[in-house]
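1. I would like to see how this sequence folds:
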Amino acid sequence: MMIPFRTSSRPMLHRWAVVTCTLSFLILLTQANVFHHQRRGLDLYDRTATIRLAVSSWNSSQLVHEIARILIEERLGVPVTFVDRTAITETILVREPANSTFDWSSASPAFFVAYNYADADLEAWDRPKDFNRTAHLPDLYRGYLGYVGREGWYMTEYATQVNPDVQSYIALKNPRNAQIFAPGFNATEWKAATSLVSNVTALTNSALALPVCTASGSGFNVTSCVEQSLQLALGTGGSGSASRGKLIVPDQVLWLLRDQAILRGLDLPLDMVEIGEPVEENVVATIVSAYRARRPWLGFIYEPHPIFSPLSGVKLVSLSMPDYSPDCEAKLDNVPPTHPCGYPPVFVRKLVSHRVEQLAPQVYEFMRKLTITQDDIMGVMAQTYFNHRSIHEAACEWVISNRAVWQPMVPSIQLTFPSCPQGTEARKAGRFWSCPPCIKGYFNLAANSTCKPCPSGAVCPGGGAILADTNQFYLPESELVNQGVPEFYPCPAENRCCESGECALNSTCPAGFGGNLCAGCSDPRLYRWGSACADCERNQSWWAVAVPVLASALIMLVFTVFGSRQENQFLSDMLLFFQLASIVIQSEDVSKLFFLFFASLNVTGMTFGLIPPGVCVLPIGALGKVVMQALFPFWLWSLVGFYHFGSWVVVQARSHIRPLRHAFRATFQTIQALHQFYFIRHITIFTLSYMPIVQGALIILNCRTIGKSWFLAEAPEVECFVGGHLTAAIYAIVVLVIWVGFVPVYIFRKLRALQLSKRLHEPEVWANWGTLCCCYKRDLPTYSALDLAKCASVVMICVLLPSNTATEQMTSCVVLLTVMWLLLCEHYYSRPLHSTLDNQLRALTYGCMLMLTASAMIRVPPNDPSKAYVDSLRLVYLMIFLVSPCLLLPWLMIAHCLTLRRKAQEIRHRRQSMYNPDTEGGRKRGKQKSRSVPVSGESVTRGLSRTASVVSSAVSSGLLAGIERIDDRKAALLERVYLVFGDKADLQHRSSSAASSNGSISSPSTASSSHASSTRLESSNASMVGMLSKRQTSAVSADAAVPTGRRASATKATASAAHRPRTVSGMASTISSAFGGAGRFSSKSKAGQSEPSATDESP
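-> Residues are numbered from 1 along each chain as shown. Below is the predicted model:
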């Protein structure tokens, strides 16, 4: 077989104009036309000696070089790369133009190796002419590979059964015999025509029967008759190329063969059919197809070839031709060239450059010893053709199954595999195995193992050392169950894992801490409180428990006395904003913004900074703290319930103790009024603690994988769904089902049903359900349930989305940004709140939440020098958007001041008409006083009432001075300022809402009607009794004791006192009623009449 000289490369798909053109040359250098070489993975060592092997396009060359590559790389430790001989030729074409003086006849495999285009060619088909031409090339080793190459023409064995003489080229000179290899050959007809030639009489009769030989016919022609008769006698069967024999040969240009010259030199009546790429596969396909159809086949084949393997099922015999001679070779130079002999013998040689001996002596020695027999190479080639193995798979199977064959070829000293210690890897360098250390970025913790890439969260300086990176926790003994690779997990900032960076595996936790993510104490007898571990047996401090309990009790008492659901919608939204901000912001930033722990009711977080180091609060573990945080909102709720129960006891006892019968305001004078008063407080605390309750339940269920188990994300030392956590998980599931699944749906359906039935704004219904929807527009009462659902969805996204890795953190931030943007858009178009100022605040809080979520995406690696600077900038950034909602507080105060002023004016006007004897109200009150007979016990009651209202009076009196200074001009200026974010309708709504009592919420349909009646109910404040002027009190007391004649003068004195424009008692009553202070409630009795208030009972 001749070596291809100028071969056309495999057609390439040009998908990208620039990229493909750039990469095509690299592809040609690294792979053959039909052979895809599978490269090795990342090499862990710096190996400078790389052997380049020149590979041809036929299978035997690819298989020999793949076997050599496997043995050189895996047994000798030297990398190998393949160079396509076609690419070498193209490179020479670029360097040596056609008009240069370069001798192209010298371009052969030996030339490629000698002139450093390749280091070796282990299957070079070296013909005598090529050998003589390249014998002078220096530094070149030539050796026999082990089998002899043969090139020639072969035919199928059953073709000789038709005519045994066709095995010789002499028989093929007869066109009748060459016709055997025609495509439409029919053996029966051919044999019949042959037998006809032997019968002269039959042949004469057949010739005379031809049309051109019939004298009476129109087509009679003597010349044509003689020619066709001769053709019939010779057995050609007709004229034209269709009946001529075919010679199947590879593409002559591609393979540079001499079949055309042989046909011309031997003068054979055969037509040549050239087979294009892929030549090997197409030639084999034609042989198999002809063999299955029992059709004679003749063509070019070389040995060794897989078609000669028993796996092919095909038997071929060679066509004998004249022996090769130099004189025959010389005739190729004729014009046209001829070659009247067979192919020359081919010696398959190994061509190895002496450079290999200098680069890798062990490889040079192996190549000199490499030998492959013809049976071996044909067996491997047959695997690729008939068992559909790839080149690499077939070569690997041969190496595995023929160890005894190749083992003597490999230098014996390389076969000893060393025992390498930890931090090294066995490899061959030169003639010997060695155990070099792992390079930087790789590690090896076990002996006789391989170097592995450094895992995430670790630092690998090389060898057997592996260190924890900054803020990373090493899971002990994780490499035992993870195929020798340790596992590292990022730590929360408060756990201070490996603060300095590059920590040893056994010292990632600070001193005294241990457990998963360094969240617990190394000593099991200690408990973690704050930032230190404490001994609860020695350092437990009861004040650390008593102070928070008393403080929460005092806060809830103030909330119970002064809380008002309607007036606190602004503050409620602001508190909810801070609660959500504490979840969104990074934990290390939350620890710096301490007030967020109080806003989110995070008891555990409050201990950081408040509890001195080493002080134990309670002897409870991590699970107990998580449960305590989840139950803390219920503790605040229970305090309100305790106050409710205490008030009920007092109200029950009031009817049996005469001095207490009139000692309290109207709110505590009936059971119905008492329950209504606390019902609003319970609803308010429910809305304020809704998010902390849901968050606490989700934290109990939020687990993450550490190693092979699940642990609480908030308390990594607690294993999930085991022991006490199973009980806590059941509690959390029940809470989520009720708080997230049942309560919002129930509230929505109830409010929706009341809205559709038009009963929602009835006084009896509104007194209960109006607490939930009083701050929303009249046509959107169900938005309170939707707000609960929105709050729960944001909390679930923040808590449940994993954020352990940088990718997970970025994903959760993007999801949260999307949700907050949708909520902002929804609020912008719906504006569900009644107050414009409240709508502005909620929109501002949504926008600030967007910016705070974006700040969570700003993360700097722990070991970055600019981390402290970036953290400071981020903290300033957070403070800007955390304080932004508070900028609307002045507008809330302005609204309160204007509301107080307006109500004070209304009440003062009505009091003047009440005490003026010239008006109808004054005359009625005079008649009422004339019927009043004071009792000695009433003076005691009024004294107790004044004592009980001292707190409310003090607050009202404190604001009185400021309200007194607001005249009409200042009020107009404040109103213009308020209209920047508010609306006039807000002030009117606040005034009408303030007319209702502290225990009830005014319905929008009734708040603006009957101002006199609502003002009278509003003035039922026990604290206002204490704020009445001494002149009024003495006049009223004397009115009952003096005769009738003197009673008129007392009435005038009282009326004159009431005519004062700014009395202390009137203004105090105004402020107390508008602020929701003590004594603003009046309820209807069963008969439908308003129960007299404390003020009404006064004479």
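
2. From here on, just use CA atoms for contacts and neighbour counts.
-> Noted.

3. that's a strand at K246, yeah?
-> Yes. Membership of K246 in a strand is supported by DSSP: H, G, I helix; E, B strand; the rest coil.

4. what helix or strand is the closest residue to it other than its chain neighbours on?
-> Excluding the flanking residues, the one nearest K246 by C-alpha to C-alpha, 6 or more residues apart in numbering is D271, at 4.9 Å. Here D271 sits within strand 270-275, counting by DSSP states H and E.

5. now for the helix or strand just after that strand, which elements pack on it?
-> Using DSSP H and E, the helix or strand that follows strand 270-275 in sequence is helix 279-292. Packing partners of helix 279-292 (3 or more C-alpha pairs under 8 Å, 6 or more residues apart in numbering; DSSP states H and E): strand 245-250.

6. Near T670, how many other residues are there?
-> Counted with other C-alpha atoms under 10 Å, the neighbours of T670 add up to 17.

7. got the contact list for it?
-> V651 (C-alpha atoms under 8 Å, 6 or more residues apart in numbering).

8. what about it, distance to E762?
-> 21 Å (C-alpha to C-alpha, to the nearest Å).

9. likewise N444?
-> For N444, the distance to E762 equals 79 Å [C-alpha to C-alpha].

10. the more surrounded of these two?
-> N444 (27 against 15).

11. Quick one: neighbours of H392, just the number.
-> 19.

12. looking at it, it is touching E66, isn't it?
-> Yes. The criterion here is C-alpha atoms under 8 Å, and H392 meets it with E66 at 6.6 Å.

13. Confirm that F185 sits in a strand.
-> No. Applying three-state DSSP, one finds F185 to be coil, outside a strand.

14. What pLDDT is listed against it?
-> The model reports F185 with a pLDDT of 78.

15. tell me the contacts of it?
-> So F185 contacts 179, 243, 295 (C-alpha under 8 Å, 6+ apart).

16. These into JSON lines, with extra columns for distance to F473?
-> Listed next are the contacts of F185 as JSON lines, based on distance: C-alpha to C-alpha, whole Å:
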{"residue": "Q179", "distance to F473": "85"}
{"residue": "S243", "distance to F473": "85"}
{"residue": "R295", "distance to F473": "76"}
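
17. Among these, find the lowest-pLDDT one for me.
-> Lowest pLDDT among the contacts of F185: S243, 71.

18. Show me what counts as buried in the strand holding D271.
-> 270-272, 275 (16 or more other C-alpha atoms under 10 Å).

19. In the top helix by length along the chain, which residues are buried?
-> Secondary structure of the chain per DSSP state H: the longest helix is helix 622-654. Across helix 622-654, burial judged by 16+ other C-alpha under 10 Å covers 622-634, 636-637, 639-641, 643-644, 647-648, 650-651, 654.

20. host element of W433?
-> strand 432-434.

21. quick check: mean pLDDT across that strand?
-> 68.

22. Just list what the next helix or strand after it packs against, helices and strands only.
-> Toward the C-terminus, strand 432-434 is succeeded by strand 442-443 as the next helix or strand (DSSP H and E). With contacts taken as 3+ C-alpha pairs under 8 Å, 6+ apart, strand 442-443 sits against strand 452-453, strand 458-462.

23. Got phi/psi on V380?
-> phi -70, psi -40 (degrees, to the nearest 10).

24. And it, how far from T450?
-> Distance from V380 to T450, by C-alpha to C-alpha: 32 Å.

25. Settle it for me: which of the two has more neighbours?
-> V380 (24 against 21).

26. for the closest residue to that one other than its chain neighbours, what are its contacts?
-> Ranked by C-alpha to C-alpha, 6+ apart and with sequence neighbours excluded, the top spatial neighbour of V380 is A394, at 6.0 Å. Neighbouring residues of A394 by C-alpha under 8 Å, 6+ apart: 63, 380-381, 383-384.

27. can we see that at 10 Å?
-> 63, 66-67, 379-384, 387-388 (C-alpha atoms under 10 Å, 6 or more residues apart in numbering).

28. Equivalent analysis for V876, please.
-> If a contact means C-alpha under 10 Å, 6+ apart, then V876 has 870, 882 as its contacts.

29. Which segments of this protein make up each domain?
-> 17-150+345-415, 183-243, 442-524, 543-859, 889-1097 (automatic domain parsing).

30. so which of the buried residues of strand 270-275 comes closest to W433?
-> I275 (49.2 Å; C-alpha to C-alpha).

31. State the pLDDT value of the closest one.
-> Confidence at I275, expressed as pLDDT, is 87.

32. what's the answer for V740, then?
-> pLDDT, read off for V740, is 90.

33. what does I700 give?
-> 91.

34. and the strand or helix carrying it, which residues are buried?
-> Element membership of I700 [criterion: DSSP H and E] is helix 671-701. Buried residues in helix 671-701, defined by neighbour count with 16+ other C-alpha under 10 Å: 673-701.

35. returning to that earlier point: report the angle between the strand holding D271 and strand 245-250.
-> 30 degrees (axes from the mean of the first three to the mean of the last three C-alpha atoms, to 10 degrees).

36. Can you tell me what sits against strand 270-275?
-> 172-173, 175, 178-179, 181-182, 241-254, 259-260, 263-264, 281-283, 286, 299.

37. Paired strands for that strand, with orientation please.
-> strand 245-250 (parallel) (DSSP bridges).

38. quick check: angle from the partner strand to helix 279-292?
-> Using the same axes, to 10 degrees: strand 245-250 against helix 279-292 is 150 degrees.

39. Heading C-terminal from strand 245-250, find the next helix or strand.
-> For strand 245-250, the following helix or strand on the C-terminal side (DSSP H and E) is helix 252-255.

40. and after that following helix, which helix or strand comes next?
-> helix 259-266.

41. May I have stretch 752-770 as PDB, with CA atoms only?
-> Extracted in PDB, the C-alpha atoms of stretch 752-770 (Å, rounded to 0.1, in the frame of the first residue of the first chain):
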ATOM      1  CA  ARG A 752     -66.300  38.900  52.100                       C
ATOM      2  CA  ALA A 753     -69.600  37.400  53.300                       C
ATOM      3  CA  LEU A 754     -70.300  40.400  55.500                       C
ATOM      4  CA  GLN A 755     -69.400  42.800  52.700                       C
ATOM      5  CA  LEU A 756     -71.700  41.000  50.200                       C
ATOM      6  CA  SER A 757     -74.600  40.900  52.700                       C
ATOM      7  CA  LYS A 758     -74.000  44.600  53.500                       C
ATOM      8  CA  ARG A 759     -73.900  43.900  57.200                       C
ATOM      9  CA  LEU A 760     -70.300  44.800  57.800                       C
ATOM     10  CA  HIS A 761     -70.900  48.400  58.600                       C
ATOM     11  CA  GLU A 762     -73.700  47.800  61.100                       C
ATOM     12  CA  PRO A 763     -72.700  49.000  64.500                       C
ATOM     13  CA  GLU A 764     -72.900  45.600  66.200                       C
ATOM     14  CA  VAL A 765     -70.900  43.900  63.500                       C
ATOM     15  CA  TRP A 766     -68.500  46.700  63.000                       C
ATOM     16  CA  ALA A 767     -67.600  46.800  66.700                       C
ATOM     17  CA  ASN A 768     -66.000  43.400  66.300                       C
ATOM     18  CA  TRP A 769     -64.800  43.000  62.700                       C
ATOM     19  CA  GLY A 770     -64.200  46.600  62.000                       C
END
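
42. mean confidence for it?
-> Per-residue scores along stretch 752-770 average to 85.

43. So which bits of that stretch are buried?
-> Quick answer for stretch 752-770 (16+ other C-alpha under 10 Å): 752, 754-755, 760-761, 763, 766-770.

44. Tell me the one of those residues nearest G457?
-> Set against G457, the nearest of those by C-alpha to C-alpha is R752 (53.8 Å).

45. need the contact list for that closest one.
-> Going by C-alpha under 10 Å, 6+ apart, R752 touches 746, 758, 760, 780-783.

46. what's downstream of the helix or strand harbouring A728, the next helix or strand?
-> Using DSSP H and E, A728 maps to helix 724-736. Once helix 724-736 ends, the next helix or strand along the chain (criterion: DSSP H and E) is helix 743-756.
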